[in-house]
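S.K.: Sequence first, predicted model second:
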Amino acid sequence: MAEFTITINGKKQTLDVDPTTPLLWVLRDHLKMVGTKYGCGIAQCGACTVHFNGSAVRSCQLPISSAAGNEITTIEGLSENGDHPVQKAWLEHDVPQCGYCQAGQIMSASALLKKNPSPSDEEIENAMNGNICRCGTYTRIKAAIKSASDSQIA
Amino acid sequence: MSKVKTGIGRRSFIKSVGVASGGLIIGFNWLACKRATEEGGEEMAMQMPDEWFELNGYLKIGDNGIVTIYSPNPEIGQNVKTSMPMIVAEELDVDWNNVIVEQAPLNTDIFTRQLAGGSQSIRQGWESLRTAGATARQMLLTAAAKQWEVPVSELTVEEGVIKHKGSDKTMGYGEIAKAAAQVEVPEEVELKDNDNFKIIGTSRKNVDAKKIVTGQPLYGLDTYKDGMLIAMLVQPPAFGMEFKSMDAEKVKEMPGIVDVFTIDTYPEDMEKEWSDVAAFSKLVVVVGESTWQVMQAKKELKVEWDLNPKLTEQIQILEKSAGMAGATGLESSDIHNTLMAEVGEKKSEVVRKDGEPEKAFKNAARVIERSYTCPFLAHNCMEPMNFFADVTGDKALLLGPIQTPEYAEKSVNKRLGFDLEDIDIQMTRMGGGFGRRLYGHFLVEAAVISQKMGKPIKLVYSREDDMTNGVYRPAYHVKYRAALDVNNKLTAFHVNAGGIPESPLFANRFPAGAIDNYLAESWSLESNISTGAFRAPRSNFIAGAEQSFLDELAEEMGQDPIQFRLDMLKRAESDPVGEENDYDAKRYAGVLQVARDRSGWNNGSSSQSRGVSAYYCHNSYVAQILDLTLEKNEPLIDKVTCVVDCGIVVNPDAAKNMVEGGTVDGIGHALYSEMTFKDGAPQKSNFDTYNLIRHKQAPKKIDVHFIDNGIDPTGLGEPPFPPVQGALANALYKATGKRFYKQPFINELKNAGSDLKT
């Protein structure tokens, strides 16, 4: 066990955990922030995606020892009132079916739009290809990202 | 208007009418309701009532007119948590903006068939949901009439406001709810005519959407309770094996680990429910303080496994009979494939026979014979299996994702010996179901572990545990034969279908009824690999196979594949063969005709390769036309046109979402997914090797049309899944010049390599 200070959604938190613990389980088990989902544990499904200094990363592969000292944003902190353009687009398009993968999809999509506010279809597919949706909402996800990209012109 | 018996007994009603609650204000999703969106998307706050009044088990009304509707069935992503309450709200005549939806717990006194499966929630709930709404409405009107001292017939109601024609007096539901709760339940109520629907048939947003997109706790795996421990399992590495011994001492010393022991989920003398499918009953359990610590401990645990003689015996007999000496009873996919191709058919039994098929085949000028096969599949719900259990004394609280709460309750009753009323099962939103969570062994395991620990626990399956635990979609095989005479006319049709461990045959479905000489045969082979229902069981293979064969047959006969099907359906409609045909030929033809029109089938100018398919299952009809192009032997799916006849569509945009998803899911599994075995061991355990369809591979466009015929609703969750596999195979043929007989098709595409005419 070791003590780590980590900034999550702008809030500093100090934790005493095994240094190898992935950020995913720190969020879920220790901080009870359950928006970040466990899907595969090997960075293959994207359900656990968070922003690490603004980039989309798989929190299941990020040990707390590497996360400490960096800016982490989770789905809970993406916006104050759930009104990030990507979240709004998700609601407008009524994207979710079971909904389990959608937090990860939204975190990947919002990181993409931050870097590339008007992505092409191909750029969307490439950025999103690591996020599996077993319900098959891919066409709606793409439509929602396109709406959000239109609305997000800086 | 139609009158129905309410059938709602007094026992359905909570006797104490005043259910207190605080004057809370909850944020209300501005997108959840159509009207608010139109007004420009203002966030609405909803004032919670001081008191609630239960009018029946489906709903309660607050003193301020807010209505809570309980959604009875489990939510697995099919969106019943929105669409079932919409049906209640329709007959209650309330403003959907004033409705709060809550998931009902298991309550067999009030609700019937609290089960997510068979695409039957809306179909079978249709009348009871409407009746519940209409009954409450009638009670509210009766109470208002009494208060105003006017006849009920002079009252009208709109969006929760009662109006008296003569006096122009108005009253909100909230003002009369308390009195209404005292009114005698009417024995008979009137239901609306379809023409008067205001909510049914209009698109309403998913009631949980805001929570989903903001990461609020919703799923079983999100459960965290005070004092709760995490439990995980270690299961045998192969089907046909069982626990022998373990050395757990070192592991028990690891940080955060509380205990390591074995459980027997289903002891031999326990009477099982149909839903108690589990390949492994005796399991090693590791309990600890956090998930990561338990995962680490699992890796260090030394367990020895042995052959399970009971599970391997039957397989030995089978394999020896197949001439496979030296088989251990640990099954492998190559042996499965040989058994299905060479052995299964010898065990065939005739299920249906019309006319004289043998004679027709003997006299045929030409016989076309083709075989199709598919592998086992893992369900791979994105939320792995899990359940929370708090078993204390003689009471059990069980909370989590389960498609069959009623059966799970019976299983716990038998396993722990608790009375049914002492078993409280609460349903969370599920991160996918697809049939996997019909089989609630994980719930029973959680209950047994909690009882043993004397503490609340959450049982968590890792992805690897989930994928290698069994309950797979069976492997299937089907052989079709068609007899053609000298005029190239179809004279007989023969289907011989089987699988491990069940046959996918539906003997009375199309093309039965359309052919004079018809023979349907069935067989199955046993296995110790556990299997279960997977989205559209049996249809999920045989639809694609049959529709591929019909496509090839149409080509051999020189006919347009759609016209060929339509001609057969016309025969089945006007002069059906046999009396057991379980489809409506006219509705079946209807979806095909609309698909032909909507896709521009006859224009034929497309540069893409195009395939058609249509199928009937779960009481609904779906036709799909798929357009693709090949790029480096990888299919790019440009468009799928889907036409669905599922009767009345309750929530159109959500229904469209379901058809889109089913289409993607069907394509994905036919093209990319398989589970294989070597010596009993599953060869894939995570998404690095088990392929599920991804963003790049999904269709670029999915065009969905519903047939508007006013018929009471039928299934929707499953029907779009099976036929698209046939449309895909037929489009792949157009693109490559090769027919596709073995799922997943990607293997054949890769094997074909440079042979393809790309």
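M.R.: Arrived safely.

S.K.: Read off the pLDDT value for residue 154.
M.R.: Because you didn't say which chain, this covers chain A. At A:A154 the predicted local distance difference test score is 40.

S.K.: that's the other chain; I wanted chain B
M.R.: At B:E154 the predicted local confidence, pLDDT, stands at 97.

S.K.: burial count for it?
M.R.: When neighbours are counted by other Cβ atoms under 10 Å in any protein chain shown, B:E154 registers 13. (C-beta placed from N, C-alpha, C; glycine too.)

S.K.: how about it, phi and psi?
M.R.: According to degrees, to the nearest 10, the main-chain angles of B:E154 amount to phi -90, psi 0.

S.K.: neighbours around the residue in chain A that chain B sits nearest to, how many?
M.R.: Across chain A, the shortest distance to chain B (Cβ to the nearest Cβ) belongs to A:G35, at 1.9 Å. Applying other Cβ under 10 Å, we find 26 residues neighbouring A:G35.

S.K.: again, but for B:V649
M.R.: Residue neighbour count, defined by other Cβ under 10 Å, stands at 21 for B:V649.

S.K.: same check, this time on A:E125
M.R.: Here the neighbour count serves as a burial measure; for A:E125 (other Cβ under 10 Å) it reads 18.

S.K.: That one - that's part of a strand, no?
M.R.: No - residue assignment for A:E125, taken from DSSP: H, G, I helix; E, B strand; the rest coil, gives helix, which places it outside any strand.

S.K.: does it really touch B:L636, like I thought?
M.R.: No - A:E125 is beyond contact range of B:L636, at 10.7 Å (criterion: Cβ atoms under 8 Å).

S.K.: what residues does the stretch 251-400 of chain B put near chain A?
M.R.: If contact is defined as Cβ under 8 Å from any Cβ of the partner chain, the residues of the stretch 251-400 of chain B in contact with chain A are B:255, B:290-293, B:295-296, B:380-384.

S.K.: out of the residues you listed, which are buried?
M.R.: For those, a neighbour count by 16 or more other Cβ atoms under 10 Å in any protein chain shown gives the buried set as B:290-293, B:295-296, B:380-384.

S.K.: Restricted to helices, list these.
M.R.: B:291-293, B:295-296 (DSSP state H).

S.K.: of all the residues you listed, which comes closest to chain A?
M.R.: Distance from chain A was checked for each of these by Cβ to the nearest Cβ. The minimum falls on B:W292, at 4.3 Å.

S.K.: For stretch B:46-56, list the C-alpha coordinates in PDB.
M.R.: Output for stretch B:46-56, consisting of C-alpha atoms alone and laid out as PDB, is shown next (Å, rounded to 0.1, in the frame of the first residue of the first chain):
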ATOM      1  CA  MET B  46     -40.300  18.600 -10.800                       C
ATOM      2  CA  GLN B  47     -41.800  19.300  -7.400                       C
ATOM      3  CA  MET B  48     -42.200  16.000  -5.600                       C
ATOM      4  CA  PRO B  49     -45.500  15.500  -3.900                       C
ATOM      5  CA  ASP B  50     -46.000  15.500  -0.100                       C
ATOM      6  CA  GLU B  51     -48.100  12.300  -0.400                       C
ATOM      7  CA  TRP B  52     -48.500   9.500  -2.800                       C
ATOM      8  CA  PHE B  53     -51.600   7.400  -3.400                       C
ATOM      9  CA  GLU B  54     -51.300   3.900  -4.900                       C
ATOM     10  CA  LEU B  55     -54.200   3.300  -7.200                       C
ATOM     11  CA  ASN B  56     -53.000  -0.100  -8.200                       C
END
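
S.K.: Quick check, B:I263 in contact with B:K452.
M.R.: Yes - counting by Cβ under 8 Å, B:K452 is a contact partner of B:I263 at 6.8 Å.

S.K.: residues shared between the contacts of the two?
M.R.: Common neighbours of B:I263 and B:K452 are listed as B:V285 (criterion: Cβ atoms under 8 Å, 6 or more residues apart in numbering or on different chains).

S.K.: for the most centrally placed residue in chain A, what are its contacts?
M.R.: Among the residues of chain A, the one closest to the centroid is A:M107, at 3.0 Å (Cα atoms, centre = their mean). Each residue near A:M107 by Cβ under 8 Å, 6+ apart is listed here: A:49-51, A:56, A:73-75, A:78.

S.K.: Domain parsing of chain A, as residue ranges.
M.R.: The record assigns chain A these domain ranges, following automatic domain parsing: A:2-77, A:85-151.

S.K.: Check the separation of the first and last residues in the longest one.
M.R.: Okay, so that is domain A:2-77. Chord length of domain A:2-77, first to last residue, is 26 Å (Cα to Cα, to the nearest Å).

S.K.: what's the spacing between that domain and its chain's center?
M.R.: In terms of Cα atoms, centre = their mean, to the nearest Å, the centre of domain A:2-77 is set 10 Å apart from its chain centre.

S.K.: Doesn't the residue nearest to the centre of chain A belong to a helix?
M.R.: Yes - counting by three-state DSSP, one finds A:M107 located in a helix.

S.K.: So for the closest residue to it other than its chain neighbours, what's the pLDDT?
M.R.: Among residues not flanking A:M107 along the chain, A:T49 sits closest, at 4.1 Å (Cβ to Cβ, 6 or more residues apart in numbering or on different chains). A:T49 carries a pLDDT value of 98.

S.K.: Isn't A:T49 up against A:R58?
M.R.: Yes - using Cβ under 8 Å, A:T49 is in contact with A:R58, at 6.2 Å.

S.K.: ok, these two, which is more surrounded?
M.R.: Neighbour totals were compared for A:T49 and A:R58, and A:T49 leads with 31 against 26 (other Cβ under 10 Å).
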